[in-house]
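Colleague: Pasting the sequence and the predicted coordinates here, then a few questions.
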Number of protein chains: 2
Amino acid sequence: MTLHIRAALAARDAADPLAFAQARFTLPPGVIYLDGNSLGPLPAATPARLAEVVAREWGEGLIRSWNDAGWIDLAMTLGARIAPLLGAAPDSVVACDSVSVNLFKLAGGALALQQAADPARRVLLCEADDFPTDRHVLEGLAAATGAELRTVPRGGVPAALGPDIAVVVLAHVHYATGAVHDMAALSAKVTAAGALSLWDLSHSAGALALALDADGADFAVGCGYKYLNGGPGAPAFAYTAHRHQATLWPPLRGWMGHAAPFGFSDHWTPADGVRRLLAGTPSILALAALGEGVASFDGIDMTAAEAKSRALVMLFADLVAAHCPAVTVEPPGARHGAQVILRHPQGRRVMAALIARGVIGDFRPPDRLRFGFPALYTRFVDVSDAVDHLAAIIESGEWRDSRFDVLGVVS
Amino acid sequence: MTLHIRAALAARDAADPLAFAQARFTLPPGVIYLDGNSLGPLPAATPARLAEVVAREWGEGLIRSWNDAGWIDLAMTLGARIAPLLGAAPDSVVACDSVSVNLFKLAGGALALQQAADPARRVLLCEADDFPTDRHVLEGLAAATGAELRTVPRGGVPAALGPDIAVVVLAHVHYATGAVHDMAALSAKVTAAGALSLWDLSHSAGALALALDADGADFAVGCGYKYLNGGPGAPAFAYTAHRHQATLWPPLRGWMGHAAPFGFSDHWTPADGVRRLLAGTPSILALAALGEGVASFDGIDMTAAEAKSRALVMLFADLVAAHCPAVTVEPPGARHGAQVILRHPQGRRVMAALIARGVIGDFRPPDRLRFGFPALYTRFVDVSDAVDHLAAIIESGEWRDSRFDVLGVVS
């Protein structure tokens, strides 16, 4: 990039009202990290907090910390702290398990609600090409319950709604392309057709401004290890709108979701509200790390965060189009996830070459290079520096080097 | 206790061939910890290992650590390290999720296997009074699938076996009483009746010598945060005998259990073996901590560990019977878990008074005080010192103090 452009971008960084949040993260020197949409970086506060939980709460407090350190309520108190990022009431979110497990609980519980009211509502509806685990979960749920899984092409949900549709699972932001659904409009259509909506916010939470309650979503799940910076495999979250909290019975039930876990009673009586979504004992270490990830959003206005990511995304798309003609840019939509897809026939090798230069994105088959632009720690100069590396790799043919034959199993 | 008795027990500790393992744990001064059956103490190696995973693997390695630090295989490599403690082949155990979630996956998968062969086999059988989460999980599974949950009194499984029984869930060691089932004999009866056995090892793994493969168990689950010292809410494990590994399809399926997670294919093709039991992305921090807990068993012969716990259990029962006449000792069976139950009408207050003195056990309604004696870090003098405190509390009526009105929600 010309020195002129880079200086202008550095000035933009200096004027960025969210720049203060960069200091909340520990990023290794020499790395331009554009993969926070896959694994958020380490918050600076996490090591000390985790060390305290381990040494003091576990090591010294031992079993007493279930009461004294608030472990018994941690899944709920953390859920309440995630809720504002989702536009949700604090008592409608719980942090636990994985996206897959929470999706199973909510989709299964929603299906049971529908079946009780009308046995003809037996179809689980989702879009083809969404993140596979959503379909895997629904496929397994359908096989176990006798429900039917029906997939439609992207955008096909409204036309597929009908009297047999029980639950509609939709990804708010598409994991690969970054395309965004209109949550309010689609939720309204789902509701009008008598179905229940279940939103997967894995690529939305912490990236876009969300309004689950106002948009009329029925249920939602989302990921703790991407934009929420909770660490590798961090616990997920689950949301239930107030109107369903008293009636939802998840098919997967455990003692921690019981109204009186230490009453050791024979039958499962659900705890009030979303606490019933807890199954087994949640990992306190994992929840503690997620807590620091969520704290990295303290004082952040998500509308401003979405706007900054949007600016980073558009800058990246424009610079790539201008400087890397051999690469195809998937044009970001009018509203878009904090991510951009580039296409190159040798995308896997190009990404390996980028990573070798310290520019970290990821690869999604067959030819997609995916880059994320979280607002909290991505600078405008990071964008232009990354494009400089990409242009150099493409121009020089560096990606042909035999070092880049294999990128690894996770890419 | 008389000085004479204590000196004799100190000598026994000095001669204990497992005494070397005590240094593997960090226990706070002034605490006699007899609740490792509920939450294992902090291994001395855990803080440094966790700090390394956080700072180096996550902080510096970032997304690259899925390959470079072996995260992608951690659930399997850790499962292989747990397997010897269970008498299981290394490739038959995976570490992930919670006991509740794994129980759901295995019971649901086993039910589906049975239903495919014979639709009349639709009953999930378990014992009343086992740990409630097992029943909650089966209740939810039955409601979702149309199967029937049938409970029998303890010991009633053999008489209840018949052509309609699909899956039998049994706790190897009872969570409260410590009573042990004969795994080989019961598994054989279950198999002979055409049913499948699923053992809950939550209070066995790391306490007793186990032989899952040799005993003919079909499936098993167990807990990482009790005797395995993995930390609060540590991931659980799941076992599948070789003969079922290729045919078991869990009802709860996710991308990490797919044969090619990064192929992003439409349909779920199970990974080989027990890896298919993974659903969502497992918490790497939680697995890393569990890894250190499992490492605390390095070089430990589980037969010797069980024998030492047996000696501690019998010593405790004998000393309480001799010195605390107002307390009822539930006599340990011929084979017994590493735990003892005492009964006292004011058990909750007595336990609170013990904890105030630094003797930590737990309380199980209505009147049971539960004490655990893990072999790796419990000393013989700890047993007699604990009984001294108990005798003093009972004799002085200290438990009547208003300080002990409430013990806390987790007790």
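Modeller: Good, I have the coordinates.

Colleague: Kindly confirm my reading that A:A166 forms part of a strand.
Modeller: Yes. Secondary structure of A:A166 (DSSP: H, G, I helix; E, B strand; the rest coil): part of a strand.

Colleague: do stretch A:223-236 and chain B meet?
Modeller: Yes. Contact between stretch A:223-236 and chain B, assessed by Cβ under 8 Å from any Cβ of the partner chain, occurs at A:225, A:231-236. From N, CA and C alone the C-beta is placed, and that goes for glycine too.

Colleague: Next, format those as a markdown table and append distance to B:Y377 and secondary structure.
Modeller: A markdown table is the format used below for those (distance: Cβ to Cβ, whole Å; DSSP: H, G, I helix; E, B strand; the rest coil):
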| residue | distance to B:Y377 | secondary structure |
| --- | --- | --- |
| A:Y225 | 33 | coil |
| A:G231 | 29 | coil |
| A:P232 | 30 | coil |
| A:G233 | 29 | coil |
| A:A234 | 30 | coil |
| A:P235 | 29 | coil |
| A:A236 | 34 | strand |
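
Colleague: just how off-centre is stretch A:118-127 within its chain?
Modeller: 25 Å (Cα atoms, centre = their mean, to the nearest Å).

Colleague: again but with stretch A:312-319, I slipped
Modeller: 22 Å.

Colleague: Out of the residues of stretch A:223-236 next to chain B, which comes closest to B:A142?
Modeller: A:A236 (25.8 Å; Cβ to Cβ).

Colleague: Who does that closest one form a beta bridge with?
Modeller: A:C96 (DSSP bridges).

Colleague: Just give me the neighbour total for it.
Modeller: Per other Cβ atoms under 10 Å in any protein chain shown, the neighbour tally for A:A236 reads 28.

Colleague: Point me to the residue of the stretch 201-350 of chain A nearest chain B.
Modeller: A:G280 (2.5 Å; Cβ to the nearest Cβ).

Colleague: Return the distance of A:W58 relative to chain B.
Modeller: 5 Å (Cβ to the nearest Cβ, to the nearest Å).

Colleague: which residues does the residue nearest to that residue when sequence neighbours are not counted contact?
Modeller: Leaving aside its sequence neighbours, A:W58 sits nearest to B:L42 (Cβ to Cβ, 6 or more residues apart in numbering or on different chains; 5.2 Å). Contact partners of B:L42, counting by Cβ atoms under 8 Å, 6 or more residues apart in numbering or on different chains, are A:54-55, A:58-59, B:25-27, B:229, B:231.

Colleague: Pipe those residues into CSV and attach secondary structure and neighbour count per row.
Modeller: Formatted as CSV, the contacts of B:L42 follow (DSSP: H, G, I helix; E, B strand; the rest coil; neighbours: other Cβ atoms under 10 Å in any protein chain shown):
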residue, secondary structure, neighbour count
A:V54, helix, 23
A:A55, helix, 15
A:W58, helix, 28
A:G59, helix, 22
B:F25, strand, 22
B:T26, strand, 18
B:L27, coil, 18
B:N229, coil, 29
B:G231, coil, 31
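
Colleague: so who does A:V169 touch?
Modeller: Contacts of A:V169 (Cβ under 8 Å, 6+ apart): A:103, A:107, A:124-126, A:130, A:134, A:138, A:198-200.

Colleague: helix or strand right after the least confident helix or strand in chain A by mean pLDDT?
Modeller: Sorting the helices and strands of chain A by mean pLDDT, DSSP states H and E puts strand A:362-364 at the bottom, at a mean of 91. Per DSSP states H and E, the first helix or strand lying C-terminal to strand A:362-364 is strand A:368-372.

Colleague: which residues touch that following strand?
Modeller: A:34-38, A:176, A:316, A:327, A:330, A:338-344, A:347, A:350-351, A:354, A:361-364, A:386.

Colleague: Could you do stretch A:340-352 as well?
Modeller: Contacts for stretch A:340-352 (Cβ under 8 Å, 6+ apart): A:176-178, A:313, A:316-317, A:320, A:324, A:326-330, A:332, A:361-364, A:366-371, A:373, A:390, A:393-394, A:399-400, A:403-407, A:411.

Colleague: which residues of the stretch 301-411 of chain A score low on pLDDT?
Modeller: A:406-411 (pLDDT under 70).

Colleague: same thing with chain A?
Modeller: A:406-411.

Colleague: tell me what the helix ranked longest in it is packed against?
Modeller: Secondary structure of chain A per DSSP state H: the longest helix is helix A:302-323. On a contact count with 3 or more Cβ pairs under 8 Å, 6 or more residues apart in numbering or on different chains; DSSP states H and E, helix A:302-323 meets strand A:328-329, strand A:339-343, helix A:380-396.

Colleague: Residues in contact with that helix: which ones?
Modeller: Contacts of helix A:302-323 (Cβ under 8 Å, 6+ apart): A:1, A:9, A:16-18, A:85, A:178, A:206-210, A:327, A:329, A:331-332, A:336, A:338-340, A:342, A:371, A:373-376, A:378, A:380, A:383-384, A:386-388, A:390-391.

Colleague: which parts of the stretch 251-400 of chain A sit against chain B?
Modeller: A:251-258, A:262-268, A:279-287, A:289, A:355, A:360, A:362, A:364-365.

Colleague: Let me see the ranges of the strands in the stretch 51-200 of chain A.
Modeller: A:93-96, A:123-127, A:148-152, A:165-171, A:196-200 (DSSP state E, counting those that start in this stretch).

Colleague: among the ones you listed, which is the most enclosed?
Modeller: Greatest average neighbour count among the strands of the stretch 51-200 of chain A goes to strand A:93-96 (a mean of 30), per mean count of other Cβ atoms under 10 Å in any protein chain shown.

Colleague: mind checking how far that strand is from the chain centre?
Modeller: With Cα atoms, centre = their mean, you get 14 Å for strand A:93-96.

Colleague: Check stretch A:190-208 too.
Modeller: 12 Å.

Colleague: ditto for stretch A:288-300
Modeller: 14 Å.

Colleague: Buried residues, it. List them.
Modeller: For stretch A:288-300, a neighbour-count test (16 or more other Cβ atoms under 10 Å in any protein chain shown) marks A:288-297, A:300 as buried.

Colleague: which other residues reach that stretch?
Modeller: Contacts for stretch A:288-300 (Cβ under 8 Å, 6+ apart): A:18, A:21, A:24-25, A:40, A:43, A:45-46, A:49-50, A:53, A:74, A:78, A:81-82, A:85, A:95, A:206, A:224, A:228-231, A:234-235, A:375-376, B:54, B:285.
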